[in-house]
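Trainee: How does the following fold in three dimensions:
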Amino acid sequence: MKDSMLLVTSVWDDKETFRMIPVTETCPYVECIFDTGLNVMVIISKNKKQSYHMLPKLDDNGDLVRMKVGKRDSGKDFKEERRLVESFQEHYVINPDEVENVISMFAINKETFDYKKYMNQKPATTEDVSGAAV
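Mentor: Okay, here's the model as predicted:
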């Protein structure tokens, strides 16, 4: 598992950042994304989970089912329905030292890729992460 990912430049939430992508079959993660706005590394594992999500309701043609009159309290003008969705398990690393530890454990190009230029020194809080849309 050690040294099984590659650091690459990327864009997240319209900001330049970095990602780590797997380069070996044994890598336990699908990808890792560093969110520069929250200063958080999001690790997406290969483990899958099922959870309920509100999704837009679609008609037989795949188009949104619009509200007949007005908008909902959320401001949305379309209907939603609760669906069981399978997704990859996500982990959030909020401490900069721990982010660097993950990078040192998994990135094959950690010595040549300047990932630190994307990291600011203000650690995220659990409150920041709880509202993150990843």
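Trainee: helices or strands up against the host helix or strand of Thr17?
Mentor: Thr17 is part of strand 15-22 when elements are defined by DSSP states H and E. Here strand 15-22 touches strand 5-12, strand 29-35, going by 3 or more C-beta pairs under 8 Å, 6 or more residues apart in numbering; DSSP states H and E. Where C-beta positions appear, they are placed from N, C-alpha and C, glycine not excepted.
Trainee: among the ones you listed, which is the most enclosed?
Mentor: Ranked by mean neighbour count, these are led by strand 29-35 with a mean of 20 (mean count of other C-beta atoms under 10 Å).
Trainee: That strand relative to strand 15-22, how many degrees between them?
Mentor: Going by axes from the mean of the first three to the mean of the last three C-alpha atoms, to 10 degrees, strand 29-35 is angled at 160 degrees with respect to strand 15-22.
Trainee: Does anything pack onto strand 29-35? Which helices or strands?
Mentor: Where contact means 3+ C-beta pairs under 8 Å, 6+ apart, strand 29-35 is packed against strand 5-12, strand 15-22, strand 40-56, helix 96-106.
Trainee: right, and the helix or strand after the third one?
Mentor: This points to strand 40-56. Following strand 40-56 in sequence, per DSSP H and E, is strand 80-93.
Trainee: and that next one, average pLDDT?
Mentor: Averaged across strand 80-93, pLDDT comes to 93.
Trainee: List the buried residues of it.
Mentor: Neighbour-count burial for strand 80-93 flags 92-93 (criterion: 16 or more other C-beta atoms under 10 Å).
Trainee: pLDDT-wise, which helix or strand of the chain ranks last?
Mentor: helix 126-130 (a mean of 64; mean pLDDT, DSSP states H and E).
Trainee: Who does Glu80 form a beta bridge with?
Mentor: Pro56 (DSSP bridges).
Trainee: Please look at Phe113 and Ala107 and confirm they touch.
Mentor: Yes: shown here, Phe113 and Ala107 form a contact pair, counting by C-beta atoms under 8 Å, at 7.1 Å.
Trainee: So for the two, which residues contact both of them?
Mentor: Common contacts of Phe113 and Ala107 (C-beta atoms under 8 Å, 6 or more residues apart in numbering): Leu7.
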